[in-house]
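> below: sequence and its predicted model.
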Amino acid sequence: MMKQEVCTSHNVAFSFTHTLLFRLILLFLSLFQLSIIVTTNAQTLNSYNYFCIYSSSSLDAEGIEDVASCLISVGFNRIDLGQVNQMPPKEKARLLIVGVNREDSYTIVSFEDFLGTEVYGFSVKNRSAYRTSRKNIMEKIKDLHYNYDPSLVSPLYYPEFTFWTDTEFQEYYKEKDYSSIEGIYKNYTPSDDQSTIAIIDVDGRYYGLVIDASFYSTGTETAVETFFRGAVRLELNEIEKDVYDITYNLAKDRECKWRIQKSLGTYKDGILSFDTGNGTIDGKYEYRFIKTFPKKDINGSTVIASTTDSSLKGTGSGFVISGNIIATNYHVIEKANKIMVGLSINGTLEEFEAKVLATDKNNDIALINITDKKFKPFKTVPYKILPNTIDVGTSIFTMGYPLSQVLGNEVKITDGLISSKTGYEGDIVTYQISAPIQPGNSGGALFDKKGHLVGITNAGITSADNIGYAIKSSYLLSLIDSAPIKISLPKGNDMSNKDLPAIVKMYSPYIAFIKVY
């Protein structure tokens, strides 16, 4: 029995040793394979010579500079973000865009080429000591084994088009037999994305390339720019006449990853329309890209957006508060070099030059002054500005110029109710209203059922049909009171016996269509 026991014990020991050795070999092979994968991914950086850092909002300036210094120490050359668009295409093919995003638990570092394709990335767990986290990032970068090799540089994606301005694209279309869908488009989707793209035909497949990616503030937060000129925003494959299979690159998520949506889209009369998946609120994004150039389709028919001025940065709404003073949103005129105000004079929309008079950036309000000598100031204004907050459930209506490229240059109204006395995430400056707010509505007037001015419309939510926001009129009164010139407040007329059509007719000449250049 003892001999048998010894023999059995020996076999068990041998089996255990054999199993342990086998597992160690497997572990070694796994680690070796992982190191090969990581090294291979990291080695792709050897085809890039330059870098710039595009996002510093989630890491302090010292941390960003630490990352930059470390990249320089391993051999990269730094380019300032403002110099990127001046780089020739061949140089941009060697450029990496480095993003550093610090979250609660991890700091994520991503490396992308100029067109937004992720080349490499890693994350480090945040430590209680901030310096430790930064040190870990530095170690990761130094472990890249970076060694620039110009023979590895790949040509850029369609470099002959990628970095053109809108003027260069216009010359390109004039010199070729373009298809109907080709052209320059402005995004007029009810969202904060007001980007401009150019659609081109490359071997029967169409690409929407970013010319300008601008955003408007929602009044509570401002979207961060994540697209560069030349990035491929849309890919379109025509499956039958004017019907397209569409891949759409959305903005990045919190982990700095591209969000890609698939859709079926249609093109008609200068409008590219398609829906994508659920947004932050149940529902769908309904994208509407309006062609601004060429003015005619290939068949010679005029597109709906033919009145678009290519130098136009954006449009908004406003309303007269006194004489030649117009109230609007700050984000409407924020980047203006020139402001034109359109008002209905005897039924005809006439334009007048204006300048900024006073602003309240925090509350998204601005006053502009019509300076055009041909303009005759209003002697009276028919509505009174209410100083107090109105109750939930109050009937309201808006007046403005939404989606002017599609809906035309006429005052539009929407009606609804005050849904809440606070706006987005409990913002006390704004109301939540059930009237939808679309691009172009920004800065428009919000009236109650008695015709009193109670707010300024300033934001909507993508994919939510009956949610909008408006700044309370009390904040407008505060800006008027602090303006550099004395402004007489309108006394208003008694509208208690007027129905809505009569009020709208009376108020329309006082609603402004604002163009910003």
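That came through, no problem.

> every contact and neighbour count from this point should use C-alpha atoms.
Noted.

> just give the number of residues close to residue 367.
Around residue 367 there are 25 other residues, counting by other Cα atoms under 10 Å.

> just how off-centre is stretch 485-503 within its chain?
Here the centre of mass of C-alpha atoms in stretch 485-503, compared against the chain's by Cα atoms, centre = their mean, to the nearest Å, lies 36 Å away.

> I meant stretch 235-248, not that one.
23 Å.

> and that stretch, end to end?
End-to-end distance of stretch 235-248 (Cα to Cα, to the nearest Å): 7 Å.

> what residues of that stretch count as buried?
Neighbour counts over stretch 235-248 (16 or more other Cα atoms under 10 Å) mark 235-238, 243-248 as buried.

> can you put the residues you listed in CSV and add distance to residue 263?
Converted to CSV, the buried residues of stretch 235-248 look like this (distance: Cα to Cα, whole Å):
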residue, distance to residue 263
235, 10
236, 10
237, 11
238, 12
243, 11
244, 8
245, 6
246, 5
247, 7
248, 8
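
> distance check, residue 507 against residue 381.
Taking Cα to Cα, one finds residue 507 at 9 Å from residue 381.

> so which strand or helix has the closest residue to residue 182 other than its chain neighbours?
Once flanking residues are discounted, residue 182 sits nearest to residue 199: 4.9 Å by Cα to Cα, 6 or more residues apart in numbering. Element membership for residue 199, per DSSP states H and E: strand 196-202.

> what packs against that strand?
strand 183-187, strand 205-212 (3 or more Cα pairs under 8 Å, 6 or more residues apart in numbering; DSSP states H and E).

> if we go to 10 Å?
helix 159-162, helix 166-174, strand 183-187, strand 205-212, strand 232-240, strand 284-293 (3 or more Cα pairs under 10 Å, 6 or more residues apart in numbering; DSSP states H and E).

> sorry, back to before: quick one, what contacts the residue nearest to residue 182?
Shown in contact with residue 199 (Cα atoms under 10 Å, 6 or more residues apart in numbering): 169, 181-185, 206-210, 232-236, 291.

> what's the overlap in contacts for residue 507 and residue 381?
Common contacts of residue 507 and residue 381 (Cα under 10 Å, 6+ apart): 319-320.

> all helices of this structure, in order?
2-43, 61-73, 89-92, 130-142, 159-162, 166-174, 330-333, 404-407, 473-482, 500-507 (DSSP state H).

> the second one packs against which elements?
Using 3+ Cα pairs under 10 Å, 6+ apart as the contact criterion, the neighbours of helix 61-73 among helices and strands are strand 50-55, strand 77-78, strand 95-102, helix 130-142.

> tell me the most buried of these?
Ranked by mean neighbour count under mean count of other Cα atoms under 10 Å, the helices and strands packed on helix 61-73 are led by strand 95-102, which reaches a mean of 23.

> re the thing from before, next, the angle from the strand holding residue 199 to strand 205-212.
150 degrees (axes from the mean of the first three to the mean of the last three Cα atoms, to 10 degrees).

> ok, strand 196-202: who's next to it in the sheet?
Using DSSP bridges, strand 196-202 pairs in its sheet with strand 183-187 (antiparallel), strand 205-212 (antiparallel).

> tilt between the first one and helix 166-174?
What that stands for is strand 183-187. Going by the same axes, to 10 degrees, strand 183-187 makes 140 degrees with helix 166-174.

> strand 183-187: how far from the chain's middle?
What separates the centre of strand 183-187 from the centre of its chain is 15 Å, taken as Cα atoms, centre = their mean.

> specify the beta-bridge partners of residue 125.
residue 106.

> residue 288 now?
Bridge pairing for residue 288 - DSSP bridges - gives residue 273.

> neighbours of it, how many?
As a burial measure, residue 288 scores 20 neighbours (other Cα under 10 Å).

> one step back: so which bits of the strand holding residue 199 are buried?
196-200.

> next, the angle strand 232-240 makes with it.
Calculated by the same axes, to 10 degrees, strand 196-202 forms an angle of 50 degrees with strand 232-240.

> now do strand 196-202: distance to the chain's middle.
Relative to the chain's own centre, strand 196-202 is displaced by 19 Å; criterion: Cα atoms, centre = their mean.

> what's the angle from that strand to strand 284-293?
80 degrees.

> from here on, count from 256
Happy to do that; since the first residue is 256 now, the last one works out to strand 451-457.

> and strand 451-457, what's its mean pLDDT?
For strand 451-457, mean pLDDT is 87.

> using PDB, write out every CA atom in it.
Taking C-alpha atoms only, strand 451-457 is exported to PDB below (Å, rounded to 0.1, in the frame of the first residue of the first chain):
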ATOM      1  CA  THR A 451     -20.500  72.900 -44.200                       C
ATOM      2  CA  ILE A 452     -19.500  70.000 -46.400                       C
ATOM      3  CA  ALA A 453     -18.600  69.500 -50.100                       C
ATOM      4  CA  ILE A 454     -19.900  66.300 -51.800                       C
ATOM      5  CA  ILE A 455     -17.600  65.000 -54.500                       C
ATOM      6  CA  ASP A 456     -17.700  61.900 -56.900                       C
ATOM      7  CA  VAL A 457     -14.800  59.600 -56.600                       C
END
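
> which of the helices and strands packed on strand 451-457 comes out lowest on mean pLDDT?
Among those, helix 414-417 scores lowest, with a mean of 52.

> returning to what we had before: out of the contacts of residue 454, which are buried?
424, 436-440, 461-465, 487-491, 546.

> quick revisit: between the helices of the chain, which gets the lowest average pLDDT?
Lowest mean pLDDT of these: helix 257-298, a mean of 44.

> touching, residue 518 and residue 500? I think so.
Yes. Assessed by Cα atoms under 10 Å, residue 518 is found in contact with residue 500 at 6.2 Å.

> tally of neighbours for residue 429?
By the criterion of other Cα under 10 Å, residue 429 has 10 neighbours.

> right, and it touches residue 551 too?
No. If you go by Cα under 10 Å, residue 429 and residue 551 don't touch, sitting 11.4 Å apart.

> any residues in contact with both of residue 518 and residue 500?
Between them, residue 518 and residue 500 share these contacting residues under Cα under 10 Å, 6+ apart: 491, 529.

> now residue 378. Nearest residue, chain neighbours left out?
Residue nearest to residue 378 in three dimensions, not counting chain neighbours: residue 363, with 4.3 Å by Cα to Cα, 6+ apart.

> hmm, I typed the wrong one, I wanted residue 493.
Nearest non-adjacent residue to residue 493 (Cα to Cα, 6+ apart): residue 499, at 4.3 Å.

> hang on, the earlier thing: next, format the buried residues of strand 451-457 as a markdown table and append distance to residue 642.
Listed next are the buried residues of strand 451-457 as a markdown table, based on distance: Cα to Cα, whole Å:
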| residue | distance to residue 642 |
| --- | --- |
| 451 | 39 |
| 452 | 43 |
| 453 | 46 |
| 454 | 48 |
| 455 | 52 |
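
> what is the nearest of those residues to residue 607?
Here the nearest of the buried residues of strand 451-457 to residue 607, counting by Cα to Cα, is residue 451; it sits at 26.2 Å.
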